[in-house]
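[1] Predicted model and sequence follow; I will ask about them next.
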Amino acid sequence: MRMKKVYYDDDVDLNVLKGKKIAVIGFGNQGRAQALNLRDSGMDLIIGNIEDEYAKKAVDEGFKVYPIGEACRRSDVIMMMIPDEVQPEVYELDVKPALHEGKTLVFASGFNVYFGFIKPPANVDTVLVAPKMIGESVRALYVRGMGAPALVAVHNDATGHALKTALAIAKGIGATRAGVIMSSFEEETVTDLFAEQALAYGQLIKLGFETLVESGYDPLVVQLELYGSGELIEISKSILRYGLVGQLSLHSTTSRYGQLSRANYVINENAKVQMRKILQEIRSGRFAEEWLSEKKSGFRNLQRLTEDALQHPLIQIEKISRQTLRINVD
Ligand code: NAI
């Protein structure tokens, strides 16, 4: 296997951003975490935000906050940290008019550029710095002297140093402490959406719950066994530490034999056929179109699906479990 290029702290020069003003557009999950990390890394930054609770939070945390258009005009590097489905309209209205030669546009997800919902002009560096981690942990890891790994990619290299700028941003948010892998907008978008859609842990747990409870077993005991005890988190950590197979040695021999001999009863080649369908809907742009039209309809399906999901008997049991057992979630 050909190894991809991986960048660490020593490979990257933060001075590329010296004298440059960075505008972080949005102060939500990623925006807040990345802004705090960049500020602690010595960067000069401002926040662009609509007037809402997020803007107030940014002010409370000591940032200068401007309307999005003005923040874009005032800066050299513009980081799009607002939800993917609102980015195209915000881009057209507030970001595009402020773009000119020499500026850099940074995305945390390849979604809009890869699917063509945003088409940045050729004279503007357009890059991707995508942390493979939720925002809260991007910040928490940085504070502990660590970092969340990230992917970087270049869509437009107008200046000839777009990658250097992307890597400097990656270093500023702490990602090069863990390692930053050279990727592409397509690779990041497709693999990210696929992982979200195909690894439906929640669905697996729900089906397991239904199977056992319908066979007469106590719902609280079943919830505890499937994930309520926190063992699932520990297993996930062990997979990271020791590998998918290596972690099996932490389980009893009975468990090990049971897991390995029954592994493909549920998740098997049939699942792969469905996974290919998910992949095909992503690559063809069908999912992306559906998601943007979902936004246009006021998220009607998302709301209905969430309400349906909350009707599952497991949700009641989760509440009872939280009231009954003292589970450490730190
Ligand atoms: P978020 O949902 O936390 O964004 C909230 C921010 O968006 C707030 O500042 C809010 O004022 C602003 N906002 C919301 N609606 C707006 C509108 N109509 N016009 C202007 N501003 C609006 O977003 P999140 O989850 O941080 O995602 C930002 C980007 O980071 C996306 O591209 C996402 O794919 C990417 N990403 C997110 C990760 C996560 O942990 N949530 C992980 C990796 C990448």
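    Right, received. Where do you want to start?
[2] Count residues in the vicinity of the residue of the stretch 151-300 of the chain found nearest the ligand, would you?
    Going by C-beta to the nearest ligand atom, the ligand is nearest to Asp192 of the stretch 151-300 of the chain, at 7.7 Å. Bear in mind the C-beta positions are built from the backbone N, C-alpha and C, glycine included. Neighbour count for Asp192, taken as other C-beta atoms under 10 Å: 17.
[3] What residues does the stretch 51-200 of the chain have near the ligand?
    52, 54, 81-84, 86, 90, 108-109, 130-131, 134-135 (C-beta under 6 Å from any ligand atom).
[4] biggest separation within the residues you listed, which pair?
    Asp52 and Ala130 (24.5 Å; C-beta to C-beta).
[5] Give me the more crowded residue out of these two.
    Taking neighbours as other C-beta under 10 Å, Asp52 and Ala130 compare with Ala130 leading, 26 against 10.
[6] Can you say which helix or strand has the residue lying closest to Asn15 once chain neighbours are set aside in it?
    Of all residues not flanking Asn15 in the chain, Ala168 sits nearest, at 7.9 Å (C-beta to C-beta, 6 or more residues apart in numbering). Here Ala168 sits within helix 162-172, counting by DSSP states H and E.
[7] any idea of the mean pLDDT in the next helix or strand after that helix?
    Sequence order places helix 175-178 as the next helix or strand after helix 162-172, per DSSP H and E. Here helix 175-178 scores 98 as its mean pLDDT.
[8] all strands of the stretch 1-150 of the chain, in order?
    Using DSSP state E, counting those that start in this stretch, the strands of the stretch 1-150 of the chain run over 6-7, 21-25, 44-48, 65-66, 77-80, 104-107, 125-131, 150-156.
[9] Asn29 is in contact with Gly135, isn't it?
    Yes. In this structure, Asn29 is within contact of Gly135 by C-beta atoms under 8 Å, at 3.4 Å.
[10] quick one, helices of the stretch 51-200 of the chain?
    53-60, 68-73, 87-90, 111-114, 135-143, 162-172, 175-178, 185-198 (DSSP state H, counting those that start in this stretch).
[11] Distance check, Pro67 against Gly48.
    Using C-beta to C-beta, to the nearest Å, one obtains 7 Å as the distance from Pro67 to Gly48.
[12] Which one's more surrounded, these two?
    Gly48 (32 against 14).
[13] any idea how far that one is from Ile78?
    Gly48 is 8 Å from Ile78, by C-beta to C-beta.
[14] who touches both of those two?
    The contact sets of Gly48 and Ile78 overlap at 23, 25, 71-72 (C-beta atoms under 8 Å, 6 or more residues apart in numbering).
[15] related to what we said a few turns ago, spatially nearest residue to the residue of the stretch 151-300 of the chain closest to the ligand (excluding sequence neighbours)?
    Ser109 (6.7 Å).
[16] In the chain, which residue sits nearest the ligand?
    For the chain, C-beta to the nearest ligand atom, closest residue to the ligand: Gly28, 2.0 Å.
[17] pLDDT value on that residue, please?
    For Gly28, the model assigns a pLDDT of 98.
[18] wait, what's in contact with it?
    54, 81-83, 135 are the contacts of Gly28 under C-beta under 8 Å, 6+ apart.
[19] between those residues, which has the most around it?
    Highest neighbour count within these, by other C-beta under 10 Å: Met81, with 28 neighbours.
[20] I figured it hits Gly31, correct?
    Yes. Met81 is within contact range of Gly31, at 3.3 Å (criterion: C-beta under 8 Å).
[21] Show me whatever sits in contact with both of these two.
    Common neighbours of Met81 and Gly31, using C-beta under 8 Å, 6+ apart, are 24-25.
[22] Tell me the spacing between Thr104 and Ser238.
    Using C-beta to C-beta, Thr104 is found at 40 Å from Ser238.
[23] Same drill for the two, tell me which one is more crowded.
    Thr104 (28 against 17).
[24] For the more buried one, give the beta-bridge partners.
    With DSSP bridges as the criterion, Thr104 is bridged to Val77, Asp125.
[25] Now do the contacts for it.
    76-78, 124-127, 159, 162, 165.
[26] Now for the residue nearest to Glu225 when sequence neighbours are not counted, how many residues are close by?
    Nearest non-adjacent residue to Glu225, counting by C-beta to C-beta, 6+ apart: Leu212, 7.9 Å away. Residues contacting Leu212 under the criterion other C-beta under 10 Å number 17.
[27] ok, back up a step: what would the contacts of Gly28 look like in CSV with pLDDT?
    Below are the contacts of Gly28 laid out as CSV (pLDDT from 0 to 100):
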residue, pLDDT
Tyr54, 98
Met81, 98
Ile82, 98
Pro83, 97
Gly135, 97
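[28] Tabulate these in TSV, adding columns for distance to Asp60.
    Converted to TSV, the contacts of Gly28 look like this (distance: C-beta to C-beta, whole Å):
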residue	distance to Asp60
Tyr54	11
Met81	17
Ile82	19
Pro83	22
Gly135	17
